[in-house]
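> Just the structure for this:
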Amino acid sequence: MRRFALSDAPNGDDMANVDALDAKIVRFFTDAPRASVLEASRMLRIARATVQSRLDRMAANGVIGSWVPHPDPSHFGFPVVAFCSLTINQDLGHDAVVEALAGIPELIEIHTVSGSSDLMARIAARSNPDLQRVIDAMIATKTVLRSSSVIVLNTHFQGRTLPLLEAVASGSGNS
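Numbering: from 1, shown residues only. Predicted coordinates for the structure are as follows:
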């Protein structure tokens, strides 16, 4: 199954080139990720070549980040989600720390952040004791000095980038 994701564009330049038709195309494939370009052209009442060229342009500009499936860990045995603030060994540098942590499959995301910690990680675990095991594995790398965790009780939405794209395309998301 294809799922649509917007990229983490390093600057806002790509977004300035997104219009209402681009947003409609992205909305269509978000709602029907397995649809073909031909089906999109029929449903949106625009030429197939227009749909394809706009998809190609958005992909080339980094507006569309991927067309890959996004497995949901809760559906294959990892129902516990936690966010961990990590304080790292600064002498090693962020790249070395991230490389060491990349070997832990339960780490779904890692971001360098500002504030009192150095990294923010999203973790999937089988249970609360399994979450402790993952945290212990991070500490065992000797790259993480301290961690502070919060467990997700309920997810209301995530990966919510389409409303932002639509706001930019309509002109209301420009500050």
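> Which helix or strand lies directly C-terminal to the least confident helix or strand in the chain by mean pLDDT?
Taking all helices and strands of the chain together, the one with the lowest average confidence (mean pLDDT, DSSP states H and E) is strand 5-6, at a mean of 50. Using DSSP states H and E, the next helix or strand after strand 5-6 towards the C-terminus is helix 20-31.
> what packs against the helix or strand following that next one?
Scanning the chain past helix 20-31 towards its C-terminal end, the next helix or strand to appear is helix 37-44 (assignment: DSSP H and E). Applying 3 or more Cβ pairs under 8 Å, 6 or more residues apart in numbering; DSSP states H and E, one finds that helix 37-44 contacts helix 20-31, helix 48-60. Backbone N, C-alpha and C define where each C-beta goes, glycine included.
> Of these, which stretch is the most buried?
helix 20-31 (a mean of 17; mean count of other Cβ atoms under 10 Å).
> So what touches that helix?
Residues from elsewhere that reach helix 20-31, judged by Cβ atoms under 8 Å, 6 or more residues apart in numbering: 2, 4, 6, 35, 40, 43-44, 46, 50-51, 54-55, 58, 63-64, 162, 165-166, 169-170.
> what about dumping the CA coordinates of that helix to CSV?
Only the C-alpha atoms of helix 20-31 are listed here, as CSV (Å, rounded to 0.1, in the frame of the first residue of the first chain):
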residue,chain,number,x,y,z
ALA,A,20,-4.6,24.7,-5.1
LEU,A,21,-4.5,22.0,-7.8
ASP,A,22,-1.3,20.5,-6.2
ALA,A,23,-3.2,20.4,-2.9
LYS,A,24,-6.1,18.6,-4.6
ILE,A,25,-3.8,16.1,-6.1
VAL,A,26,-2.1,15.5,-2.8
ARG,A,27,-5.4,15.2,-1.0
PHE,A,28,-6.6,12.7,-3.6
PHE,A,29,-3.6,10.4,-3.1
THR,A,30,-3.8,10.8,0.6
ASP,A,31,-7.4,9.7,0.6
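> now it against helix 48-60, angle please.
80 degrees (axes from the mean of the first three to the mean of the last three Cα atoms, to 10 degrees).
> returning to what we had before: just so I know, which of the helices and strands packed on helix 37-44 lies nearest Ile135?
helix 20-31 (34.1 Å; Cβ to Cβ).
> Could I get the average pLDDT for that closest one?
When the per-residue pLDDT values of helix 20-31 are averaged, the result is 93.
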